[in-house]
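Novice: Next comes the sequence, and after it the predicted model I'd like to discuss.
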Amino acid sequence: MLNSYLKATPPSKFILINDCLQEKGLPLVYNLNEHHQKLNNKVKCFVFEGNFTKISDVLTSHNIISYDFTKSKEITLDDIKKTFEKELTHDSVIIIDSLVHLIYLYGFDETCKLLNSLIREMKDGQQIITILHIDLLKNSKKTAKYLEHLATLSLTFDPRISRVNYTYKKIRGRVFKQIEAYKFEQGQFVTEVLKKQDVQELILEKINEVSPENLSTFKIGLSEADKKARDELTLPYLPKDSESAEGIIYNFDDEDDWDEEDPDDDLDL
């Protein structure tokens, strides 16, 4: 399901990838770049990250145009906006590496204004892909929440349980939220929809798990051998299936009183 949204036609305008040190978003960006190259879309990378591995260095052989804004400190936000507007042409895809460094350079408010203005001016066929390093943010939840509000497709990795939580906003305004299992297999991003278990089946399953034997330290239930031995046992006081002269014969003693008289008659009450 998630892969169909990532590669939808027309493409989602603003993809936000929230990654972390345990699960980097670079392999997913690599997959998206391959997808756009097959469609002959023009992929351009805006680099703001200078201390770590740059996406543009990894994708050098993939026919992309790179703009490295880390080489000059004199570049203003207006210069960056003009470059964005110039390169955001028809069927073009812009990768921002990384959004955290853009925020550190020009501030959170100015970065959001820039993204918001670009999203409003974008047309069908254009796309912006951004990576947000959650580990490098002080107020990561607050920042991510606001950027997810701007994004048309936002996703967050949880590598501890191999889950990806994403929100997809359709063209007509409908919002779709989902959690899927994911893995990177032979360089491909593979996701699987988690099956929802029926509530009634889950309740019955839990009830069946509560067995008396599990609540005691000694054996309460019967094994199959015990049940078979019990069924084969003939009790002397129960009627038998076949007629037989055998049985329990009881002879009344003289002291026995088995009549229907009042048992307290001898007490003169």
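Specialist: In hand now; what should we look at?

Novice: Sketch out the strands for the stretch 101-250 of the chain, chain order is fine.
Specialist: 127-133, 153-158, 163-169, 175-185, 188-193 (DSSP state E, counting those that start in this stretch).

Novice: Against which helices or strands is the third one packed?
Specialist: Counting contacts by 3 or more C-beta pairs under 8 Å, 6 or more residues apart in numbering; DSSP states H and E, the secondary-structure elements packed against strand 163-169 are helix 2-6, strand 153-158, strand 175-185. All C-beta atoms are positioned from the backbone trio N, CA, C, and that covers glycine.

Novice: After the shortest one, which helix or strand is next?
Specialist: This points to helix 2-6. strand 14-19 (DSSP states H and E).

Novice: Send over the helix or strand that that next one is followed by as CSV, restricted to the C-alpha atoms.
Specialist: Where DSSP H and E defines the elements, the next helix or strand beyond strand 14-19 is helix 26-38. Below are the C-alpha coordinates for helix 26-38, written out as CSV (Å, rounded to 0.1, in the frame of the first residue of the first chain):
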residue,chain,number,x,y,z
LEU,A,26,18.9,7.1,2.2
PRO,A,27,17.9,3.6,0.8
LEU,A,28,14.3,4.8,0.4
VAL,A,29,15.5,8.0,-1.4
TYR,A,30,17.6,5.8,-3.6
ASN,A,31,14.5,3.7,-4.5
LEU,A,32,12.5,6.8,-5.3
ASN,A,33,15.3,8.2,-7.5
GLU,A,34,15.3,4.9,-9.5
HIS,A,35,11.6,5.2,-10.0
HIS,A,36,11.8,8.8,-11.3
GLN,A,37,14.7,7.9,-13.6
LYS,A,38,12.7,5.2,-15.2
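
Novice: Partner strands of whatever helix or strand comes next after helix 26-38, with direction?
Specialist: Tracing the chain past helix 26-38, the next element assigned as helix or strand by DSSP H and E is strand 42-47. Within its sheet, strand 42-47 is paired with strand 65-68 (parallel), strand 92-97 (parallel), according to DSSP bridges.

Novice: Now the ones you listed in a markdown table, please, with extra columns for mean pLDDT, mean neighbour count and distance to Leu16.
Specialist: Below are those laid out as a markdown table (pLDDT from 0 to 100; neighbours: other C-beta atoms under 10 Å; distance: least, C-beta to C-beta, whole Å):
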| stretch | mean pLDDT | mean neighbour count | distance to Leu16 |
| --- | --- | --- | --- |
| strand 65-68 | 84 | 16 | 20 |
| strand 92-97 | 90 | 24 | 10 |
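
Novice: Can you check which of those gets nearest to Glu201?
Specialist: Comparing these by their distance to Glu201 (C-beta to C-beta), the top pick is strand 92-97, with 44.4 Å.

Novice: low-scoring pLDDT stretches of the stretch 1-150 of the chain, where are they?
Specialist: Filtered on pLDDT under 70, the stretch 1-150 of the chain yields the residue ranges 50-62.

Novice: rewinding a little: looking at the strands of the stretch 101-250 of the chain, which is buried most?
Specialist: strand 127-133 (a mean of 24; mean count of other C-beta atoms under 10 Å).
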